[in-house]
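Asker: Predicted model and sequence below, questions to follow.
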Amino acid sequence: MTDTQKLKAVLADQPCKKAFVRSFGCQLNVSDGEKIKGLLQSVGYTFTDSESDADLIILNTCAVRENAEDRVFGIIGSMKHLKDSNPDLIIGISGCMTAQSHAAEKIKKSYPQVGFVLGTSALDSLPSLILECMEGARFASDTAEHTEICEGFEQVRESTFKASVPIMFGCNNFCTYCIVPYVRGKERSRRPEDIIREVEGLVQNGYKEIMLLGQNVNSYGNDLGGETSFPQLLRRINDIDGDFIIRFMSSHPKDATPELIDVILECDKVAKHLHLPVQSGSDDVLERMNRRYTIEKYLETVNLLRSRDPDFSLTTDLIVGFPNETDEDFKATLRLIERVKFDNIYSFIYSKRTGTKAALIDDKIPDEVKSVRMRKLLEVQRGITSEHYKRFLGKRMRVLAEEPCKKREGYITGKSSEFIICEFPGDSSMIGQFVEIEVTKTMNWAVEGRII
Ligand code: SAM
Ligand code: SF4
Ligand code: F3S
């Protein structure tokens, strides 16, 4: 009997047990959370939205920035009273924090309410860890790096029409600021047949948006002996029958090839949007970040895209305040965003991560300077976004309706192929469907339209 079967048998003899699972961090982590829920459901757990109602709590954590970690430590601390009032409650911590030995040690030593930690590549050990806790273990853990990819997880997906499909795990790039390669291990690509089978199943079940995920999706397949590259995978997914849109993230600029651009522009189901994290507009900072491209090379990619589609939509990630970033470096970032005209940026103040190379740099830039730069960056981008969105005025957009607008009664919000938030009059029967709109107004966070 496997531990999964044992746990199922144990739970079958008890009143229905409820689990609370909360994921922090990127979409890959959210996808892991969906697998964790799938596993729990398959052994007999049901789910609750309230921690105080749960027999099992799993916090699926992120380690990318310090504030993400601090938040989780705060939440774990606040759960002590739940364990005190219900000694049978099992609290488990999964996700990227558990892969950092100092964080795993701190959890074990300082938070006795936690029963187990589960590493990012050890999801299939979850039933064994729960069983150990049920059998009275003070602390169970599996944080070893498992290099083989487990297929066939059932998933409890958060949406009935948008699905994330990880195509690869890990990262080989070792950008000097980033903890991800240390907590997610080496790049491992899923077999193309497994990905195609999963997407076919999702499309047959009515999913309209397929988001292909990886820390660096465009190096997909490098570990498969060159059998299928990312552009080839995209073409194969595009050939699957059905009405759906394909998105993917993130792409590394060093691997954004002309072939990838051809595929994006030629494949009708592939979204007309590219998220291409640049991180900084300064070559010196990019070199110190170990990003392995220059701004000239980045702009070549942008220019190639825009020469073929002048309105093509781009978004990016930027880090403000990388150690010893000068005023000149920061101005170069401002010049870059003015030049590229991103539709949106996701910007972060640099956060020192123990174990990374950048953490060893003696940083002379005060926090206040970094905050001022961040505010300036956001202000400049706000102006760019509201100006740049005007190119959509009067144009048609195909939008996947997602949810009622929170602030406007009688309006629905969704995303266009270009990854632009669109608000339009409608009702909840449209949710999960594609609608055609004509853009009638632009704002600095969204566009408004009327249904055609
Ligand atoms: N693999 C993706 C790439 O290279 O673009 C990014 C993945 S990372 C989870 C998402 C973003 O977090 C990065 O693009 C970067 O801007 C930001 N990030 C990563 N490490 C950071 C750090 N130490 N401090 C601040 N932001 C960080
Ligand atoms: Fe982190 Fe760089 Fe890998 Fe992205 S490519 S996950 S930023 S190391
Ligand atoms: Fe965070 Fe791990 Fe994702 S560190 S951003 S949850 S890969």
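Answerer: Yep, it's here. Ligands and ions are numbered 1, 2, ... in the order given.

Asker: Is F20 within a helix or a strand, and which one?
Answerer: Using DSSP states H and E, F20 falls within strand 18-23.

Asker: wait, K83 sits on Q113?
Answerer: Yes - counting by C-beta atoms under 8 Å, Q113 is a contact partner of K83 at 3.9 Å. Every residue, glycine included, has its C-beta placed from N, CA and C.

Asker: what touches both of the two?
Answerer: Residues touching both K83 and Q113 (C-beta atoms under 8 Å, 6 or more residues apart in numbering): I91.

Asker: so what's whatever residue of the stretch 201-350 of the chain ends up closest to ligand 2 up against?
Answerer: Ligand 2 sits closest to Q215 of the stretch 201-350 of the chain, with a gap of 3.9 Å, by C-beta to the nearest ligand atom. Residues in contact with Q215 (C-beta under 8 Å, 6+ apart) are 28, 168, 170-171, 173, 180, 184, 187, 250.

Asker: Ok, T228 next?
Answerer: 192, 220-221, 236.

Asker: repeat that with 7 Å
Answerer: Taking C-beta atoms under 7 Å, 6 or more residues apart in numbering, we find T228 in contact with 192, 221.

Asker: for it, helix, strand, or coil?
Answerer: Using DSSP: H, G, I helix; E, B strand; the rest coil, the structure places T228 in coil.

Asker: for the stretch 1-150 of the chain, which spans come out with low pLDDT?
Answerer: For the stretch 1-150 of the chain, no stretch has pLDDT under 70.

Asker: So which residues of it form strands?
Answerer: 18-23, 46-47, 56-61, 90-95, 116-118, 140-142 (DSSP state E, counting those that start in this stretch).

Asker: Nearest to R339 among these would be which one?
Answerer: R339 lies closest, by C-beta to C-beta, to one member of those: strand 18-23, at 36.0 Å.

Asker: same for the closest one, what does it pack against?
Answerer: In terms of contacts (3 or more C-beta pairs under 7 Å, 6 or more residues apart in numbering; DSSP states H and E), strand 18-23 is packed against helix 27-43, strand 46-47, strand 56-61.

Asker: hmm, who's touching stretch 394-405?
Answerer: Under the contact criterion C-beta under 7 Å, 6+ apart, stretch 394-405 has outside partners 208-209, 245, 411-417, 422-423, 426, 428, 430-439, 449, 452.

Asker: Mind doing that once more with 8 Å?
Answerer: With contact meaning C-beta under 8 Å, 6+ apart, stretch 394-405 is reached by 161-162, 208-209, 245, 411-418, 420, 422-424, 426, 428, 430-439, 447, 449, 452.

Asker: Give me the distance from that stretch to the chain's centre.
Answerer: Remark: stretch 394-405 is offset 22 Å from the chain centroid, using C-alpha atoms, centre = their mean, to the nearest Å.

Asker: show me what contacts the closest residue to K370 other than its chain neighbours?
Answerer: The shortest distance from K370 to any non-neighbouring residue, by C-beta to C-beta, 6 or more residues apart in numbering, is to G321 (3.3 Å). By C-beta under 8 Å, 6+ apart, the contact list for G321 reads 349-350, 365, 367, 369-370, 373-374.

Asker: run the last query once more with 10 Å
Answerer: Shown in contact with G321 (C-beta atoms under 10 Å, 6 or more residues apart in numbering): 329-330, 348-351, 363, 365-367, 369-374.

Asker: Among those, which one is most surrounded by other residues?
Answerer: Neighbour counts for those, by other C-beta atoms under 10 Å, peak at F330, which reaches 25 neighbours.

Asker: Just the element for that one, please.
Answerer: Assigned by DSSP H and E, F330 falls within helix 327-340.

Asker: tell me the pLDDT at the residue nearest to K370?
Answerer: pLDDT, G321: 98.

Asker: ok, now L314?
Answerer: What the model reports as pLDDT for L314 is 98.

Asker: tally of neighbours for it?
Answerer: 22.

Asker: Provide the partner residues of it in its beta bridges.
Answerer: Taking DSSP bridges, one obtains L274 as the residues bridged to L314.

Asker: again, but for the one 5 residues further on
Answerer: In this entry, I319 is beta-bridged to F348, by DSSP bridges.

Asker: one step back: separation between the residue nearest to K370 and D327?
Answerer: Per C-beta to C-beta, to the nearest Å, G321 is found 12 Å from D327.

Asker: Contact residues of the stretch 251-400 of the chain facing ligand 2?
Answerer: Selection of the stretch 251-400 of the chain residues close to ligand 2 by C-beta under 6 Å from any ligand atom yields H252.

Asker: can we see that at 8 Å?
Answerer: Residues of the stretch 251-400 of the chain that fall close to ligand 2, judged by C-beta under 8 Å from any ligand atom: 252, 277, 279, 290-291, 317.

Asker: can you pull the contacts of the closest residue to ligand 3 within the stretch 251-400 of the chain?
Answerer: Per C-beta to the nearest ligand atom, R353 is where the stretch 251-400 of the chain lies closest to ligand 3, at 9.1 Å. With contact taken as C-beta under 10 Å, 6+ apart, R353 is in contact with 63-66, 69, 100, 176-180, 182-183, 359.

Asker: so which helix or strand takes in it?
Answerer: In this assignment (DSSP H and E), R353 forms part of neither any helix nor any strand.

Asker: What is the most widely separated pair among the contacts of Q215?
Answerer: Largest separation among those by C-beta to C-beta: L28 and N173, giving 15.0 Å.

Asker: So what does the closest residue to M430 other than its chain neighbours have for phi and psi?
Answerer: For M430, ignoring the flanking residues on the chain, the nearest one in space by C-beta to C-beta, 6+ apart is A401 at 4.2 Å. Here is the backbone geometry of A401 (degrees, to the nearest 10): phi -70, psi 130.

Asker: so what's A401 bridging to?
Answerer: The partner residues for A401, given DSSP bridges, come to G414.
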